[in-house]
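Trainee: what follows is a predicted protein model with its sequence.
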Amino acid sequence: MAQHNAFYAQSGGVTAVINASACGVIETCRRHSDKIGKVYAGHNGIIGALTEDLIDVSQESDDTIAALRHTPGGAFGSCRYKLKDIETHRAQYERLIEVFKAHDIRYFFYNGGGDSADTCLKVSQLSEKMGYPLTAIHVPKTVDNDLPITDNSPGFGSVAKYIATSTQEAALDVASMCATSTQVFVLEVMGRHAGWIAAASALAGNGEGEPPHMVIFPELAFQRAQVMQRVDESVKKYGYCVIVVSEGAHYEDGTFLADAGNTDAFGHRQLGGVAPTLAGMIKQDLGYKYHWAVADYLQRAARHLASKTDVEQAYAVGQKAVELALDGKNAMMPTIKRVSDTPYEWRIEAAPLAEVANKEKFMPREYIREDGFGITEAGRRYLSPLIQGEDFPPFENGLPKVAKLDKVKVARKLPTFEL
């Protein structure tokens, strides 16, 4: 088998463990140096491929690549850039193939969520039409846990662990001060359409009166009067109320509580902060003292509190991506198959990208409590294994030690391309 080069890129919002997947891809490529020559990474994701802005990963030491496993962020740079429709903007896709040809790239590993799965599939289809032998494998990643087929998405378990922990810690703070200070605490978490992260907060409590007292999911329409009634009941009964709300909470007509009126690069509505919006409602309707917080980037960057399960799975899908490519599989995505809940066991399988691209997985109704404000035992059985285990990074001078890459650039061979 002739030796050819590989290309790896990161896409969309990063996670605490996306670099663990990068580590899995790169280390596995190095173990198969008889078939895979150099590994190039796109600087700032797919934009790096379009602009021929490539990083020569072969210049990084083995120790540096190993350190990616405990480094948060996107080590090679990510981007929110959605390729246009292939029929009307064919030039973009043809440019990718031209860059791959110029650098003898025959393996394409794209690490991202649903939109990147679609891009990976389209690149695979076009390369086939153009007669260029490219093997395209999607490496799953998303904190939202909304990719289909796979039992869970790498990146989610660590966010779930962080949010459950933060809910528990903040609740203890509020409980200790509620007699004279804050009575209602609202924590906003990520999740535009799928409430998996909000659901994970419920792992912090599992009994009468244990916070969070309310979880507000984007899968169910927001009913203001009902929510206010529950807040009032909680404060009167327990002295305080802890609420975790998904950023995608919306009214019956689909309008987001915190619609900012703008859209992002992918055409998604920009959300302007549901936590202060909800807190304002509580102040207006009930008059309780409140405090709110937005987990924002902290929840997806918290590698110091990553789930060991998540780290291992993130590495495993990166490794499997390379193995699939070397086995001649194309337009596929490694998936996580749950074998059992207790003890928790899993294995890596694979699914065709045609069954993954542009599809979202939402919280099943059987995971949401009948009253709509918490999780069921079935939901707890699903979520609990994903936050298990600690995988602390090494520390230096009191802070986590992270990988520092040289990011040596590859000489350009093609004319400049305008995005």
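Mentor: Now that the structure is in, tell me what you want to look at.
Trainee: now do the helices in the stretch 51-200 of the chain.
Mentor: For the stretch 51-200 of the chain, applying DSSP state H, counting those that start in this stretch gives helices covering 62-67, 90-102, 114-129, 156-177, 196-201.
Trainee: nearest to residue 274, out of the ones you listed?
Mentor: Closest approach to residue 274 among the helices of the stretch 51-200 of the chain is made by helix 196-201 (10.6 Å; CB to CB). For glycine as for every other residue, the C-beta is placed from the backbone atoms N, C-alpha and C.
Trainee: which helix or strand lies directly C-terminal to that closest one?
Mentor: Next in sequence after helix 196-201, counting helices and strands by DSSP states H and E, comes strand 214-216.
Trainee: point out the other helices and strands that the helix or strand following that next one packs with.
Mentor: The helix or strand immediately downstream of strand 214-216 is helix 224-238, counting by DSSP H and E. Counting contacts by 3 or more CB pairs under 8 Å, 6 or more residues apart in numbering; DSSP states H and E, helix 224-238 is packed against strand 214-216, strand 241-246, helix 274-285.
Trainee: repeat that for 6 Å
Mentor: Contacts defined by 3 or more CB pairs under 6 Å, 6 or more residues apart in numbering; DSSP states H and E place helix 224-238 against strand 241-246.
Trainee: give me the contact list for the strand it packs on.
Mentor: 171, 184-188, 191, 195, 198, 201, 211-218, 231, 234-235, 274, 278 (CB atoms under 6 Å, 6 or more residues apart in numbering).
Trainee: now residue 324: how far from residue 318?
Mentor: Here residue 324 is placed at a distance of 11 Å from residue 318 (CB to CB, to the nearest Å).
Trainee: low-confidence ranges, the protein, go.
Mentor: For the chain, the stretches flagged by pLDDT under 70 are 1, 260-272.
Trainee: ranges for the helices of the stretch 301-419 of the chain?
Mentor: Under the criterion DSSP H, counting those that start in this stretch, helices of the stretch 301-419 of the chain are mapped to 308-326, 377-383.
Trainee: can you list those in CSV and add distance to residue 102 and mean neighbour count?
Mentor: Formatted as CSV, the helices of the stretch 301-419 of the chain follow (distance: least, CB to CB, whole Å; neighbours: other CB atoms under 10 Å):
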stretch, distance to residue 102, mean neighbour count
helix 308-326, 20, 24
helix 377-383, 46, 17
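Trainee: turn those helices into a markdown table, columns for distance to residue 419.
Mentor: Output for these, formatted as a markdown table (distance: least, CB to CB, whole Å):
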| stretch | distance to residue 419 |
| --- | --- |
| helix 308-326 | 26 |
| helix 377-383 | 40 |
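Trainee: of those, give the one that comes closest to residue 362.
Mentor: Closest to residue 362 of these is helix 377-383 (CB to CB; 12.6 Å).
Trainee: what does the closest one contact?
Mentor: 200, 203, 341, 366, 367.
Trainee: and the protein, split by domain according to the record?
Mentor: 4-141+304-358+391-400, 156-302 (automatic domain parsing).
Trainee: distance to residue 373 for these - can I get that in CSV?
Mentor: Formatted as CSV, the domains of the chain follow (distance: least, CB to CB, whole Å):
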stretch, distance to residue 373
domain 4-141+304-358+391-400, 24
domain 156-302, 5
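Trainee: so which of these comes closest to residue 411?
Mentor: Nearest to residue 411 among these is domain 4-141+304-358+391-400 (9.1 Å), distances taken as CB to CB.
Trainee: which one of the helices of the stretch 301-419 of the chain lies closest to residue 82?
Mentor: Of the helices of the stretch 301-419 of the chain, nearest to residue 82 by CB to CB is helix 308-326, at 21.4 Å.
Trainee: nearest to residue 409, out of the domains of the chain?
Mentor: That would be domain 4-141+304-358+391-400 among these, by CB to CB, at 6.4 Å.
Trainee: what about the closest one, how long is it end to end?
Mentor: Length of domain 4-141+304-358+391-400, first residue to last, CA to CA, to the nearest Å: 36 Å.
Trainee: next one: stretch 229-248
Mentor: OK, stretch 229-248 end separation, CA to CA: 21 Å.
Trainee: next, the buried residues of it.
Mentor: 230-232, 234-235, 238, 240-248 (16 or more other CB atoms under 10 Å).
Trainee: circling back: okay if I get the helices of the stretch 51-200 of the chain as CSV plus distance to residue 6 and mean neighbour count?
Mentor: CSV is the format used below for these (distance: least, CB to CB, whole Å; neighbours: other CB under 10 Å):
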stretch, distance to residue 6, mean neighbour count
helix 62-67, 14, 15
helix 90-102, 10, 18
helix 114-129, 14, 22
helix 156-177, 26, 22
helix 196-201, 31, 30
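Trainee: from the buried residues of stretch 229-248, which two are the most distant?
Mentor: So, the buried residues of stretch 229-248 by CB to CB: farthest apart are 238 and 248, at 27.2 Å.
Trainee: if we can go back for a sec, which one of the contacts of helix 377-383 has the most neighbours?
Mentor: Greatest neighbour count in the contacts of helix 377-383, by other CB atoms under 10 Å, goes to residue 200: 31 neighbours.
Trainee: now that residue. Nearest residue, chain neighbours left out?
Mentor: The spatially closest residue to residue 200, leaving aside those adjacent along the chain, is residue 160, at 3.4 Å (CB to CB, 6 or more residues apart in numbering).
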